[in-house]
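K.L.:
3D model of this:
(chains A and B)
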Amino acid sequence: NSKVIQTPRYLVKGQGQKAKMRCIPEKGHPVVFWYQQNKNNEFKFLINFQNQEVLQQIDMTEKRFSAECPSNSPCSLEIQSSEAGDSALYLCASSLSDRGGTGQLYFGEGSKLTVL
Amino acid sequence: GEQVEQRPPHLSVREGDSAVIICTYTDPNSYYFFWYKQEPGAGLQLLMKVFSSTEINEGQGFTVLLNKKDKQLSLNLTAAHPGDSAVYFCAVSSYGSSGNKLIFGIGTLLSVKP
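P.N.:
Sure thing, here's the model as predicted:
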């Protein structure tokens, strides 16, 4: 059973609406990743954090998404203004490390976003 | 950039048959390899992680082979059963890349018929 908890499992938004997803990483894991899995099973890396600091993010995330991992609170990923192309499964993963063999990623069940 | 090709995209076998999924990667610096299983509506379940120092890895009911010369990673389910029906993904991580981003294959939808 996944120890990375993602909420909500499903969300439906209209175009232009905000969409917010949350993730509680596995206990003791300082590194958190967000991936987008589209209907064609393509995975797109969005952003990762070590503790509260952003390690890397892609352009799309920088422009239209906001993400944070505050201490003692769930991590979150928010799309400021949803577009139809954002419909996807958003997967959160946590890891002990951001590189190397110890950096095995543990994935949550995902939040499935549908933008109408 | 790094690429991972996975085949076949769909695979249908009978219960008890073997099933083989192959991934080919391009980055010679790839060092860590993973196989994930995704059941409908679920997240990714790690089946096995493989380091480049080990060529043959055995799990419960499957074997993972790493051929570094040909840059190929394969998953072999030795006697498939209906509970194995799922989408399988390989993922490759390159040592020394900035951060531990994984490059995923496109997935293989495995159907195991009774």
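K.L.:
every contact and neighbour count from this point should use C-alpha atoms.
P.N.:
OK.
K.L.:
run the contact check for stretch B:79-86 versus chain A.
P.N.:
No: Stretch B:79-86 lies out of reach of chain A by CA under 8 Å from any CA of the partner chain, never closer than 12.7 Å.
K.L.:
B:Ile22 is in contact with B:Leu73, isn't it?
P.N.:
Yes: assessed by CA atoms under 8 Å, B:Ile22 is found in contact with B:Leu73 at 5.8 Å.
K.L.:
of the two, which one has the most company?
P.N.:
A count of neighbours by other CA atoms under 10 Å in any protein chain shown puts B:Leu73 above the other of B:Ile22 and B:Leu73, at 24 against 20.
K.L.:
you'd agree A:Gln56 is in a helix?
P.N.:
No: using DSSP: H, G, I helix; E, B strand; the rest coil, the assignment for A:Gln56 is strand, not a helix.
K.L.:
bridged to it, which residues?
P.N.:
A:Asn48 (DSSP bridges).
K.L.:
ditto for A:Tyr35
P.N.:
Beta bridges link A:Tyr35 to A:Phe45, A:Leu91, judged by DSSP bridges.
K.L.:
give the helix, strand or coil label for A:Lys63.
P.N.:
Secondary structure, three-state DSSP: A:Lys63 is helix.
K.L.:
that one and chain B: what is the separation?
P.N.:
Relative to chain B, A:Lys63 is positioned 20 Å away (CA to the nearest CA, to the nearest Å).
K.L.:
same question for A:Pro8.
P.N.:
Remark: distance between A:Pro8 and chain B (CA to the nearest CA) = 13 Å.
K.L.:
poorly predicted segments of chain A, please.
P.N.:
A:1-2, A:98-103 (pLDDT under 70).
K.L.:
how about 50 then?
P.N.:
For chain A, the stretches with pLDDT under 50 are A:100-102.
K.L.:
how about the residue in it positioned nearest to chain B, what does it touch?
P.N.:
Using CA to the nearest CA, the single residue of chain A nearest to chain B is A:Glu109, 3.8 Å away. Each residue near A:Glu109 by CA atoms under 8 Å, 6 or more residues apart in numbering or on different chains is listed here: A:Ser2, A:Val4, A:Ile5, A:Gln6, A:Arg9, A:Leu91, B:Gly41, B:Ala42, B:Gly43, B:Leu44.
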